[in-house]
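Asks: Sequence first, predicted coordinates after that:
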Amino acid sequence: MDHRMSHNSGNQAPFAIAILGAGGISNAHSAAVKDSGDTLRISCVIDTNKENARKLADEHGAAAFDSAQQFFDAVDAGEATVDGIVICTPPTVRIEPIRAALERGIPVLTEKPVAMNAEDASRVAEIAAAHPDTLFGVAYCHRFAPPIIAMKQLVAEGKIGRLTRFENTFAFYHPPMAERWMSDPAVSGGGSFIDTGCHSLDLFRYLVGPAEVVGSVFDNDWSGRGESSATVLVKASDGPHAGVAGVILAGWLEPERFTVGLVGTNGSLHYDYMKPTELIYRPGIGEPELIKVESHEVRFSRQLIHFARAARGDAPRGDLADARDGLGAAEAVDRAARAAKII
């Protein structure tokens, strides 16, 4: 049975979302649905942990399923209502649900990284390419953060002159990560760099261009686990900013820092996620300028609403990351890991 939606643009019912994987990141998507007003609703929740599935399902008046197969069987039987699916599982178990959804014409938004390595990301890209009429997106949500959008526009307007460097740190102090699946390479594909650094690589791609890894240094504080911190140097391999450098810092055993900076020949732009409505422009000479922006905190809801509108044909794909973007990040993560000097 094919579940492609008709592309009507009148008064439509809320876009019905299935959540596959009711772990931590599903809470962000749950909150985004609540923030959407009557634009979105969660109709189904799927998780092998029955308690987690039931808890999230009850919160939204949704149906709960114990497995992806049980859910897709219900879809095939016409017993589950779904307009799109958000995949929140660990990377190792994403490929088959992605395939099953796209084969049924169900639009997919998968959490990042798209897969645990470049080989699997390439398989996902092939699956998505085989179903070009059904939307496939990767949840690189920072593309929908108003400060990031503002930075991209200001660079295009020449606010900082010729772009010369991208600087990004996503790091925090959380030793319990040593015991979580995100630090288990057999499940996640790596450590802190694939976890937060993949966001950084996509931000570089969005703001600067495709990332070519120049060098990397990883620190591993936990035996048998992925890297606890990473420092990676990249440069843009193509596009109007080809050759521009990027410095990416990722870590789980560091003081909390969530910042993005763009440096140019006439000034710089700096955004600190801890000061969510403040974007700072520093000219080459003179006093800094405070630019008020909308908080990054709306990024999940903006992304999910855009996914729903694009899936219905009411909006272009726009800034939603696709399978090629996901593959680009996965390839860069793999290259950084292979090239890394371990300390």
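Replies: Sure, I can see it. Numbering: from 1, shown residues only.
Asks: Determine the set of other helices and strands touching the lengthiest helix in the chain.
Replies: Determined from DSSP state H, the single longest helix within the chain is helix 323-339. When contacts are defined as 3 or more CB pairs under 8 Å, 6 or more residues apart in numbering; DSSP states H and E, helix 323-339 packs onto helix 118-129, strand 136-138, helix 198-207, strand 211-219, strand 229-236. Placement of C-beta: from N, CA and C, glycine included.
Asks: Show me where this structure has its helices.
Replies: 26-35, 50-60, 68-76, 95-103, 118-129, 146-156, 185-188, 192, 198-207, 299-311, 323-339.
Asks: So which of these is nearest Ala178?
Replies: Proximity to Ala178 (CB to CB) singles out helix 192 among those, at 11.0 Å.
Asks: got a list of contacts for that closest one?
Replies: With contacts defined as CB atoms under 8 Å, 6 or more residues apart in numbering, helix 192 is touched by 171, 177, 183, 226-230, 250-252.
Asks: export stretch 82-93 as PDB, just CAs?
Replies: Taking Å, rounded to 0.1, in the frame of the first residue of the first chain, the C-alpha atoms of stretch 82-93 are listed here in PDB:
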ATOM      1  CA  VAL A  82       0.900   8.600   9.600                       C
ATOM      2  CA  ASP A  83       2.000  11.400   7.300                       C
ATOM      3  CA  GLY A  84       5.700  11.300   8.100                       C
ATOM      4  CA  ILE A  85       8.100   9.500  10.400                       C
ATOM      5  CA  VAL A  86      10.900  10.900  12.600                       C
ATOM      6  CA  ILE A  87      13.600   8.300  13.300                       C
ATOM      7  CA  CYS A  88      15.300   8.700  16.700                       C
ATOM      8  CA  THR A  89      17.000   5.300  17.100                       C
ATOM      9  CA  PRO A  90      20.700   4.800  17.400                       C
ATOM     10  CA  PRO A  91      22.500   4.900  14.000                       C
ATOM     11  CA  THR A  92      23.100   1.100  13.800                       C
ATOM     12  CA  VAL A  93      19.300   0.400  13.400                       C
END
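Asks: hmm, back to that, which among the contacts of helix 192 count as buried?
Replies: The neighbour count (16 or more other CB atoms under 10 Å) marks 171, 177, 183, 226-230, 250-252 as buried among those.
Asks: List just the nearest of the residues you listed to Leu320.
Replies: Nearest to Leu320 among the buried ones among the contacts of helix 192, with distances taken as CB to CB, is Ala250, at 23.4 Å.
Asks: and the helices and strands packed on helix 323-339 as CSV, adding distance to Ile98 and mean pLDDT?
Replies: Formatted as CSV, the helices and strands packed on helix 323-339 follow (distance: least, CB to CB, whole Å; pLDDT from 0 to 100):
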stretch, distance to Ile98, mean pLDDT
helix 118-129, 6, 98
strand 136-138, 7, 98
helix 198-207, 17, 98
strand 211-219, 24, 98
strand 229-236, 27, 98
